[in-house]
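> need a 3D model of the following:
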Amino acid sequence: MACFFRTVDNGIKLSSLVSIPDVTDVPAMNKITSNELNRLVTHEDTPKASQPILGHLLTQIFQSFTIPLPNVSNLKIPFGKILHHNQRINEKFSSTSPDTLVPLYDTEAKTWNWALPVDPPENGSTPAGVDSGSDSEDNATQETTHEENFAAFLNAFASCLSRSRSELVAIRFATGTWSAANAQKALPGSAIKRKPDIVLSDDISAKWGNIRVSAELTHSRYQPAMRLGKAADTHAYIMMSEQPWRRFALILSFTNKYRHLRVLMYDHSGGAVSPRFDIYTQPNAFLHIIAAIMFGSLECVGYDTTVSFSRIVSPPRSKDIHGYRPIRNTPARRSSTTDHAVTTSSSDSLPNPDVSSGEALESVVSDDSDDSDDSDESSSDSAHDSTEESPSALHDSMDEENSSPPQPTATRSAPLLSLISQIPQAEMTESIYSVTPLPSQFPYSTQSPEPCGKIRVGEKIYTIKRILFATRGLVGRGTVCYLVTLDDEDYIIKDHWVLGKDDNVVLNEIKMLELMDNVPGVPRLVDYWVVERSDGEPDITRKYQHKERRSTRGTSRTHVHLVLKPCGRPLHMFRTLKEFVRALRDIVKILQTAVEERQILHRDCSLNNAMILDELGSSEGFLIDWEFAVRIAADNKYPIGGTGTVPFMSRGLLNQVAILQQQANSESMKKKTRAHKSTKKPTTPKSSSDSLALPISFVVHRFADDLESLFLYSLGFASSSVVPMACLDLETCAAFKITFFANPAEEKRLTDEFHPYFRDLIPLATEWRKALADNMIHPVTFSTILGILNSHLNKLPDDEELATTVNMLKNDAAILADRFKGKRLASESFSVVEPKRQKSHHTGDTESDSASGSDA
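Below you'll find the predicted structure:
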């Protein structure tokens, strides 16, 4: 089972340090994300008269959007474009022709001249947008769901803004369209089946990898722990996982009869919730929010403007080439196939361990203000009907009336093979930038087209050749590694979020790499940059919090780009057993040099930090990620941050951190008991609070702990008995490992569960395990481990690679022969054409919320 693992950091809850299974069922995912956000989300109060109308959070998010906006009273719409009427609208415009421009907002009645839903969707209820007293002769377009009604309204709203301000059309980055097509069926692009009510996307076929913003509709009043909040948490997790280059994700929340709007922002530190805005009585604030989201720069919806992706596209054949205007920053289509699989032809071949080191899982919703609504959560939640298609093309038809040429809502990229083989015609193609790369560019693939984008580090612009690695999830470092080139020379750029905001913390990895300069097997630092926003300010998550609470103290992260050389391949991509063992031996040498010559302790030996560097005629081990490295202290005590990745942590470290976990859990139980006895209303669980989530603690960490971690993650390839992949908590992990090293019967289990490919390493594994048996009492030495590795390295054959290659060629030849024979037989047989099956409208769309992931 694949798992997400996180490195232990300062300031985060110990309960979040357990390994998190790669769950796909919605209730489990909701629970994980909600628990992860506990005390990490701030809820902003209603701004005072002297403060910006949008409050602190939205002012920071939309700071790059400076176009003057019209007053809502100036927005006009052709009466025929108002798709949803009620009795008031019909009476007010009874003699109005369809082409006549009428106000979109009624300033006297303080309502919209568009019949937005107000009642919960129920069986047999009046269709969305139709009052109970409306005439039955209204057109069939009223037979729509609440989600479709809102999507059409938002698209019409954008068109009205375009008509009133030509500058908005000029700066528009892409033709974003609101769609409710996935309110009843799971949005593609993720194994977690979620159904967002409305999404904003530039692609005809919206997927989690290309949507910009999602929105949720709930008839009941807002509560941080309600179903809408849990759904939004998971939506943000998926968006940040499928688009790991995001700075943050935005979710719009419409509650209390769909009239109260809040903007939920999720980033790598937790999240924040904007003040509540009444879309009827505060229409200009609503106008500003929608305008910034739809017409603002990519920075306004959470994208990193220092990174862009490019691709070759062909304009739609149905449009005149002279009137075609390519879309800027249009997301590319993603595929769920081909690039992730590594297949093998025999049971003895090397398995492909599916382990990723995500620093996952935390979402948002909080309540520091007293203006949040307090209705019962059990009232009718989200508006869901059975219609799947949305009338969301309204704004396109309205844009045709403008002077600017029309833009298509999306473009279709050619298949991967076509991109590789065809030579596009210069007059029929356009190179454009995209916020989402092609599937073949993510994750690492030898078939990735080059180049695929640009990334900025200070004043230099590097060309992205491919994406090498990306973590998944919300709270954490959010690391993305790119293979880039500049002046015909290759580099690695590590794009990540460092815990802290002070230079001595943020620049720790830079200092460590400088101290480790010229040590073989350690990356060479070429350049670094604390990423800046468009206003020139450092990109720090703390800027989005109006005030810092004690529970969020120490969780701020700073965006950093590192430029490194050279580029290695992950340890699990070794070619022979001898290369594998040699890489482990080299990594031990690197750790020894760091400790004995540079007085530096790495502290984060894990699977994703071990690499293989290809040199002329040979290869060697390579150790990366020195973010948590420290200068060795006399008492060997260091802050808990950077003590390793949970499944690979040593027994001694796990014991110490498990004790801290118990203390935190005990303190939490005491607070709950006091809260029950107190007459004061307890704080909503997901809100930030004035209590510390976890005090800064210290643990004893020696180099022997790193040597034990090296054993755990290296032989985790070979035997499933080495690493506890599904620990329930830290105490369980510690007990598992103590038993593994202390119980003589574990040696037989270790060898019995060895994969056949690694059977020649069984003697190495048993001897290494015995050397570590007393590591908690008598720390193992570098010389002991190097002696073991060198002795077994000399016993492994040198010609394994040649033998493996010959066997692989023989297997491939046999497979090709079988395929050719099968094609000949198929060509001689009669073809049978089966009748097409009609798609069922009930399969997968009528499941309950708990089973199918229907969003509230």
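> which is the succeeding secondary structure element to whichever strand or helix holds D233?
Using DSSP states H and E, D233 sits within helix 227-242. Using DSSP H and E, the helix or strand that follows helix 227-242 in sequence is strand 248-255.
> returning to that earlier point: other SSEs contacting the helix holding D233?
Packing partners of helix 227-242 (3 or more CB pairs under 8 Å, 6 or more residues apart in numbering; DSSP states H and E): helix 26-36, strand 211-217, strand 248-255, strand 260-267. In this view, the C-beta of every residue, glycine as well, is placed from N, C-alpha and C.
> closest one to G652 among those?
Of all the helices and strands packed on helix 227-242, it is helix 26-36 that lies closest to G652, at 26.7 Å by CB to CB.
> quick one: average confidence on the helix or strand just after that closest one?
Once the chain leaves helix 26-36, the next helix or strand it forms, by DSSP H and E, is strand 41-43. Here strand 41-43 scores 86 as its mean pLDDT.
> work out for me the element the residue lying closest to I493 once chain neighbours are set aside sits within.
Sequence neighbours aside, Y482 is the residue nearest to I493 in space, at 4.6 Å (criterion: CB to CB, 6 or more residues apart in numbering). For Y482, the host element (DSSP H and E) is strand 480-486.
> buried residues in that strand?
Buried residues in strand 480-486, counted by 16 or more other CB atoms under 10 Å: 480-484.
> just checking, next helix/strand downstream of it?
Taking DSSP H and E, what comes next after strand 480-486 is strand 489-499.
> tell me what the next helix or strand after that next one is packed against?
Once strand 489-499 ends, the next helix or strand along the chain (criterion: DSSP H and E) is helix 503-506. Judged by 3+ CB pairs under 8 Å, 6+ apart, the packing partners of helix 503-506 are strand 489-499.
> quick check: angle from the strand it packs on to strand 260-267?
120 degrees (axes from the mean of the first three to the mean of the last three CA atoms, to 10 degrees).
> tilt between strand 489-499 and strand 480-486?
150 degrees.
> just checking: what are the partner strands of strand 489-499?
strand 480-486 (antiparallel), strand 557-565 (antiparallel) (DSSP bridges).
> flag the shaky bits of the stretch 351-500 of the chain, pLDDT-wise.
351-451 (pLDDT under 70).
> follow-up on the earlier one: dump the strands paired with strand 489-499 into CSV; add distance to R259 as well.
Listed next are the strands paired with strand 489-499 as CSV, based on distance: least, CB to CB, whole Å:
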stretch, distance to R259
strand 480-486, 39
strand 557-565, 35
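> of all these, which one is nearest H755?
Of all the strands paired with strand 489-499, strand 480-486 comes closest under CB to CB, at 27.7 Å.
> for the closest one, which outside residues touch it?
Outside strand 480-486, the residues that touch it by CB atoms under 8 Å, 6 or more residues apart in numbering are 244-245, 451, 455, 460-471, 490-496, 563, 567.
> cool, and stretch 584-602?
By CB under 8 Å, 6+ apart, stretch 584-602 touches 512, 515-516, 519-522, 605, 610, 620-623, 626, 628-632, 638, 701-703, 706-707, 710, 714, 782, 785-786, 789-790, 793.
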